[in-house]
Each structure stands twice: as C-alpha cells, then as structure tokens.
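J.: Got a sequence here, can you model it:
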Amino acid sequence: MSGIQSKLTTQGQISVPAEVRRQLGVGPGSVLVWEWRDGAFIVRRDGKCTSADIHAAVFGATKRAKDKPTDVKTGVRTYIRRKHARS
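T.: Now for the predicted structure:
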C-alpha cells in the first residue's frame with residue numbers, strides 16, 4: 001500500500017483515503033484502532049457486534065424459543081422481574 005498518503009490538519013485530524021476505507025470496509029461512524037507494533041503503527045477497524053451479540057450480552061442465551069423476548073422492552077422487563085423476584 002505504499003504511495004497512499006494523508007495530511008494531518010491543525011486540529012490533529014486525518015482523512016482516510018478511499019482505497020484504505022474500501023480495504024478496511026469502513027464508513028462514516030466506523031471506529032479505527034491504532035496499535036503500536038515493532039516500531040510502526042497498525043491501523044485496523046474495531047470489531048463489529050451484531051444485534052444478536054448485543055441481545056445475548058443483555059439477556060443471556062436462552063435455550064427455548066418461548067423464553068426469548070420479542071423486543072428489548074419486553075426483554076428488560078422480564079430480566080428485571082426475574083432478578084428481583086421473591087423466592
């Protein structure tokens with residue numbers, strides 16, 4: 001990828017060239033991670049989370065289809081009820 005250049009603005013911002021954006025698969029709002037390795041910076045896109053990943057993190061993995069909430073509001077309500085249920 002030699003020959004691709006960017007300029008640094010006075011505010012410390014850079015524009016990512018179109019070819020680099022295409023290769024990384026990034027667009028507006030994407031997060032880039034800068035890592036220092038062996039005397040050089042490596043730029044990569046941050047990992048992506050799917051809505052299923054977020055759902056599993058918030059509600060946990062449920063085994064039965066009837067236990068799965070149909071929307072976030074219902075899922076949060078169910079979680080709070082279970083968490084604060086009296087034994």
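
J.: The closest residue to residue 59 other than its chain neighbours: which element?
T.: Spatial nearest neighbour of residue 59, chain neighbours left out: residue 75 (4.8 Å); criterion: Cβ to Cβ, 6 or more residues apart in numbering. All C-beta spots, glycine's among them, are computed from the backbone N, C-alpha and C. Under the criterion of DSSP states H and E, residue 75 resides in helix 72-83.

J.: Point out the other helices and strands that that helix packs with.
T.: helix 51-59 (3 or more Cβ pairs under 8 Å, 6 or more residues apart in numbering; DSSP states H and E).

J.: So which elements touch the helix it packs on?
T.: helix 72-83.

J.: Return the distance of the one helix or strand in the chain whose mean pLDDT sits lowest from the chain's centre.
T.: None of the helices or strands of the chain scores lower by mean pLDDT, DSSP states H and E than helix 51-59, at a mean of 72. Here helix 51-59 is found 12 Å from its chain centre; the criterion is Cα atoms, centre = their mean, to the nearest Å.

J.: Can you give me the buried ones in that helix?
T.: Judged by neighbour count (16 or more other Cβ atoms under 10 Å), helix 51-59 contains these buried residues: 55, 59.

J.: quick one: that helix to helix 72-83, angle?
T.: With axes from the mean of the first three to the mean of the last three Cα atoms, to 10 degrees defining the directions, helix 51-59 sits at 30 degrees from helix 72-83.

J.: okay, helix 51-59 in PDB with CA atoms only?
T.: Output in PDB follows, covering the C-alpha atoms of helix 51-59 (Å, rounded to 0.1, in the frame of the first residue of the first chain):
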ATOM      1  CA  SER A  51     -27.700  -7.200  17.200                       C
ATOM      2  CA  ALA A  52     -27.700 -10.900  18.100                       C
ATOM      3  CA  ASP A  53     -24.400 -10.400  20.000                       C
ATOM      4  CA  ILE A  54     -25.800  -7.500  21.900                       C
ATOM      5  CA  HIS A  55     -29.000  -9.400  22.600                       C
ATOM      6  CA  ALA A  56     -27.100 -12.300  24.100                       C
ATOM      7  CA  ALA A  57     -25.000 -10.000  26.200                       C
ATOM      8  CA  VAL A  58     -28.000  -8.200  27.600                       C
ATOM      9  CA  PHE A  59     -30.400 -11.100  28.000                       C
END
